[in-house]
Every structure is written in structure tokens, then in C-alpha cells.
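1. how would this look folded up:
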Amino acid sequence: MPWFSAVDLAGDIRHRRVSCVEVMGAYLDRIGALNPRVNAVVALREPEVLMREAAARDEQLARGERLGWLHGFPFAVKDLAAADGLLWTEGSPIYARRVADVDDLFVRRIRDAGAIIVGKTNVPEFGLGSQTYNRVYGPTATPYDTGRTAGGSSGGAAAALALRLLPVADGSDYLGSLRNPAAFCNVLGFRPSVGRVPAAGFVAHPSTVGPMGRTVDDVAALLEVLAGPDDSAPLGSAASTPPTRPATGVRIAWVGDLGGHLATEPGLLDVCRRALRVFEELGCLVEEAVPDYPPERIWQTMLTWRWWGMLKRHDLYADPLTRAELKPEVVWELENGLRLSALDVARAEVARAEWYDAARRFLDTYDFVVAPSTQVFPFPLTTHWPGRDRRSSHGQLPPLDGDGGALDDDGNARARHAGRLRRPGAAGRRAARRPARRRRRGAAAGQGLRGARPLGPRPPATRRPMTRVGGRRGAPAGSGPGGASVGRRGGASAARPSAPRRTPDPPRA
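-> This next block holds a predicted model:
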């Protein structure tokens, strides 16, 4: 059985308790047995070649040459990224035969740390969607119910981790793609702050690469490999030591469905509220609150940013031959991008800065923000994106624009894909996903922990930058019948509030 903990595996390889050849053989056997049931790992390289590369890693260890924490690890790169010598399709039939001739920066770092690239992990076309399906490789299922989606866009990575087909995995996240699949597959995903994992370019688009794993320690160790400045990335930021403090007295804001604004599947919020008790038992103070900023403006701002970013693929739209190969959601994004004016983009830039400032003020009061990782449970593989059948806790569809427009059957529903909670990504904040420890229909659900400021003394607040949500509906976990309690203290303490140290295995696929 491949190792649950990648940290343990790294120690076993380092101390030569197991050979890299044995590790590679064990993972390839597991991929061969279980991957066909979920379709997580794609473009798998020839086993004979991989075993030779594993033997070379063993020879390096025999000479005292350990490349890094990933030495001898089988690793599959998300298929949105270039890995030299491997297929690089981005889930599009247009690129079904494209082979990369260079490594993306973070892929080079993974190789330099000793990993052996075995293949790719599946993605939706160009990463658009919380449903990992495409016409090159097909759909990816969650191991908890193989008739339902693994989420997206890092669905292949999440499903592979859940079945222990890989020790750790990379993902990427524009506004939920590391956290939504982690929730659907009951693993951990971490979206770093923009710039922590460097990428080329002078515009701080919300997309960022981040680590995924089965334990917190695994995710942290992979982040250390991925993070750090590079001369090729002008917006990269230096790595920092994670702050620690006792959990007692840590203030947590539970934002739920933003006061009824977001549509959620019945039962999902209840699962997450029950999971809040974990934080209370650690001694955290949990309170329901939302930032003081119009949610509909965040949504419209991020649509503008995404439409603008999609214009890098304009050439595929301009050519009738390649346009015919694009899925309708990609065409919709591009056509909206072509309608943008320079003034639209400038206004979106101002609005994003305003939202960032509102989030910063909110985190002057709270150390962490907790929200559902998704708004729905895993849905059938045959459903490309949830539509009008999702309702908010108030029983109506949520407004998506300043005029109170609702989720429709074409544009807005399609753009939202699985409607994941996107706000921290819009602010460039780091965010993690933890299991909610409760499942419905055999499918995992989870919570997202939204980026805390450094855990030092809290600066004095001139005002409370939030809207309190009172009454029994939405009362914090552990509150009395009237919902008056805003949290309670417990006797336990921890180094920091975090996801559980390990996640449960899925049922056999």
C-alpha cells in the first residue's frame, strides 16, 4: 500500500528504508489498478522508462546525492502546466498532440527537488469549470462516488490523492480550483497568496499554483518546494516562516452563504456549521459575520478580470477552425472579453483594490475566515455545471449584479460553473480547504479557511468592518436556541488552527 503521509515517505527514502524503485513500482501498480475507475492520471509515461529513472535516483542516494524533499517521488503535473517532454493538452482537442519542450517554473522546481514526472493530472478544458471533463481524456470522478464529479479544475490531482495514486500533487486556483476538488475528494488544498508561488508576468491575475495533499504537513512541505522569488517572476514574493500561536482566543468569522446571497445546496451549510465545533473545542471564538462590501460587485469585478485574462486565447476564437473545437463555455468567456472596454478593465481594477481593502479591514477584527469550500455537493458526471436547481438558504436564487439579476440558464450559471466561494481569490488572499468530516450521498464536503493576516498583536480597529447576522438561522455552532451566542471558549489549545492531520480514506473505488 503506498504511503498515506508524503513526509513519512520522504523519510523512508532518505534513510534508505525503501528504494526509489520499490516506491515507483508500488505507485505504478496502484495507478494501473485504480486509475481507470476515476480517470485522474493521464498521459502516463512508459513504466519501463519510469523504473529506470527511479533506479537512477537510488544510485544518487548511494553516492550521498539527495536532490531534495521530493527525491524519488512519483509526481503527475496538472495538465494546464508545461512539463518538458510530456503531452500538454490543457484539456483541449486543439492541443491533443502538443508536447511541451520546456518546464514551467514551478515544474522545474519540482524536478530539481528530485521528483520523477510520471504523467499529468486531468483538467477541464483550459481549466474552466468545477467539473473536470474534456474531449481529450474524458471526465474525472470522485473516488467516493464514481458517478459524480471530482470537481475542478484540479479534479485529477484531488482524485489521485484520495486514492493514493500520488504522494502529493500540484494544483492551480483562479477562484476555487484548488479548494473545490479538495472538498469533493476529501483531501487538502491550499491556495497561496498571489506571488508566493512565482509566475511570469506583470499583471497580478488571480490565478496561482498551490499544493495539495492528504495531511497538513505534506501540503506545507510541498509549498516550500514551490514557493520563493525568481528573477523570471517580477511579482513574486519572498517565502516567510508560518506564524504560530495558541488557538485559545483566536477569532474566526463564519461567513456561510454571505447572509443568503449565495445559492447553496440544502444540507451543505448544516454540515459545515457542525464542523465549526472543532474550532470551538480548540478554544477559538467563532462568530457569524460578513465583510462590509457588496458581494454582487465582487462577482462582476471578477467576471471582468477573467474575461480580460481569457483574451490571451483570442487567436483560437478568431480562427473558425479552432473556434469550432472550443467548448461553449470558453466561447462565452471570450465573447464577453471582446466586449470589454479599457474603462471596464480600469473600473474592475479599482473595485478589486476596494475589495482587498475591505477584506484587510475584516481581518483586523478576525484572525481567520471560514466558509464552505463549495456551494454544492458533488454532482453527476453528466452535469457540466449546476444551474437553476440550486437555491439559497432563503429559498431564492442569489443576485449576481447590481440590478438584482439572478443565476440564469446560460451566462451567469455557466460562468459560475459549480458556484464556488471565490471572494478570497479576488482579494489575492491565501486560503485552505479542510474536511468537514461529514458526507452526503457518499460524497465529501469541506470548509475553506480564508487567509489570515500574520498572527501577531491585533491592531486597534476604528470600527467593526462587518455585518452581523443574528437570529436562529445562521447562528454560530454551539449557540443557544435564540442564536445569541457569538462563540464559546474551550480548554484545548494548539499551535495554530489547522486542518486535521490526516484525512480519511475513500471507500474502495
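
2. can you map out the helices along the stretch 201-350 of the chain?
-> Taking DSSP state H, counting those that start in this stretch, the helices of the stretch 201-350 of the chain run over residues 216-226, 268-275, 277-281, 295-310, 314-318, 320-323, 328-338, 342-365.

3. Dump the fourth one to PDB, restricted to CA.
-> Spelled out, that is helix 295-310. Presented in PDB, the C-alpha positions along helix 295-310 are these (Å, rounded to 0.1, in the frame of the first residue of the first chain):
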ATOM      1  CA  PRO A 295     -21.000  40.700  -2.900                       C
ATOM      2  CA  GLU A 296     -22.600  41.300  -6.300                       C
ATOM      3  CA  ARG A 297     -19.800  43.800  -7.000                       C
ATOM      4  CA  ILE A 298     -17.100  41.300  -6.200                       C
ATOM      5  CA  TRP A 299     -18.700  38.900  -8.700                       C
ATOM      6  CA  GLN A 300     -19.000  41.400 -11.500                       C
ATOM      7  CA  THR A 301     -15.400  42.500 -10.900                       C
ATOM      8  CA  MET A 302     -14.000  39.000 -11.100                       C
ATOM      9  CA  LEU A 303     -16.000  38.300 -14.300                       C
ATOM     10  CA  THR A 304     -14.300  41.300 -15.900                       C
ATOM     11  CA  TRP A 305     -10.900  40.200 -14.700                       C
ATOM     12  CA  ARG A 306     -11.500  36.700 -16.000                       C
ATOM     13  CA  TRP A 307     -12.900  37.800 -19.300                       C
ATOM     14  CA  TRP A 308      -9.800  40.100 -19.800                       C
ATOM     15  CA  GLY A 309      -7.500  37.200 -18.900                       C
ATOM     16  CA  MET A 310      -9.200  34.900 -21.400                       C
END
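
4. going forward, begin numbering at 125 instead of 1
-> New numbering, starting at 125: the last item is helix 419-434.

5. Could you export the helices of the stretch 325-474 of the chain as a markdown table, including mean pLDDT and mean neighbour count?
-> Every C-beta, even on glycine, is put in place using the N, C-alpha and C of the backbone. Output for those, formatted as a markdown table (pLDDT from 0 to 100; neighbours: other CB atoms under 10 Å):
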| stretch | mean pLDDT | mean neighbour count |
| --- | --- | --- |
| helix 340-350 | 97 | 21 |
| helix 392-399 | 95 | 20 |
| helix 401-405 | 95 | 19 |
| helix 419-434 | 95 | 20 |
| helix 438-442 | 98 | 14 |
| helix 444-447 | 98 | 12 |
| helix 452-462 | 97 | 18 |
| helix 466-489 | 97 | 16 |
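
6. Can you tell me which of these is nearest to Asn304?
-> helix 392-399 (12.6 Å; CB to CB).

7. what's the closest one packed up against?
-> Using 3 or more CB pairs under 8 Å, 6 or more residues apart in numbering; DSSP states H and E, the elements in contact with helix 392-399 are strand 492-496, strand 555-564, strand 567-574.

8. how about a cut-off of 6 Å?
-> Counting contacts by 3 or more CB pairs under 6 Å, 6 or more residues apart in numbering; DSSP states H and E, helix 392-399 is packed against strand 555-564, strand 567-574.

9. weakest of those strands in terms of mean pLDDT?
-> Per-stretch mean pLDDT for the helices and strands packed on helix 392-399 is lowest at strand 555-564 (a mean of 62).

10. Relative to Thr507, which of the helices of the stretch 325-474 of the chain is closest?
-> helix 452-462 (13.3 Å).

11. Can you give the distance from the closest one to the centre of its chain?
-> Counting by CA atoms, centre = their mean, to the nearest Å, helix 452-462 is centred 23 Å from the centre of its parent chain.

12. Hey, what's the angle from it to helix 419-434? Just curious.
-> If you take axes from the mean of the first three to the mean of the last three CA atoms, to 10 degrees, helix 452-462 sits at 90 degrees to helix 419-434.

13. Could I have the CA atoms of helix 452-462 written out in PDB?
-> The C-alpha coordinates for helix 452-462 follow below in PDB (Å, rounded to 0.1, in the frame of the first residue of the first chain):
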ATOM      1  CA  PRO A 452     -19.400  26.700 -25.400                       C
ATOM      2  CA  GLU A 453     -18.200  28.000 -22.000                       C
ATOM      3  CA  VAL A 454     -14.900  29.000 -23.500                       C
ATOM      4  CA  VAL A 455     -16.600  30.800 -26.400                       C
ATOM      5  CA  TRP A 456     -18.900  32.600 -23.900                       C
ATOM      6  CA  GLU A 457     -15.900  33.800 -21.900                       C
ATOM      7  CA  LEU A 458     -14.100  35.000 -25.000                       C
ATOM      8  CA  GLU A 459     -17.100  36.800 -26.500                       C
ATOM      9  CA  ASN A 460     -17.600  38.700 -23.200                       C
ATOM     10  CA  GLY A 461     -14.000  39.600 -23.100                       C
ATOM     11  CA  LEU A 462     -14.200  41.000 -26.600                       C
END
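
14. and it, what other elements does it pack with?
-> Partner elements for helix 452-462 (3+ CB pairs under 6 Å, 6+ apart): helix 419-434.

15. What helices and strands are in contact with the helix it packs on?
-> By 3+ CB pairs under 6 Å, 6+ apart, helix 419-434 packs against helix 452-462, helix 466-489, helix 547-550.

16. For these, give me CSV that also has distance to Met175.
-> Shown next, in CSV, are those (distance: least, CB to CB, whole Å):
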stretch, distance to Met175
helix 452-462, 38
helix 466-489, 48
helix 547-550, 40
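
17. Quick one: closest of the ones you listed to Asp297.
-> Per CB to CB, nearest to Asp297 of those: helix 547-550, 6.4 Å.

18. now the closest one: mean pLDDT?
-> 62.

19. got it, and stretch 170-188?
-> pLDDT averaged over stretch 170-188 gives 98.
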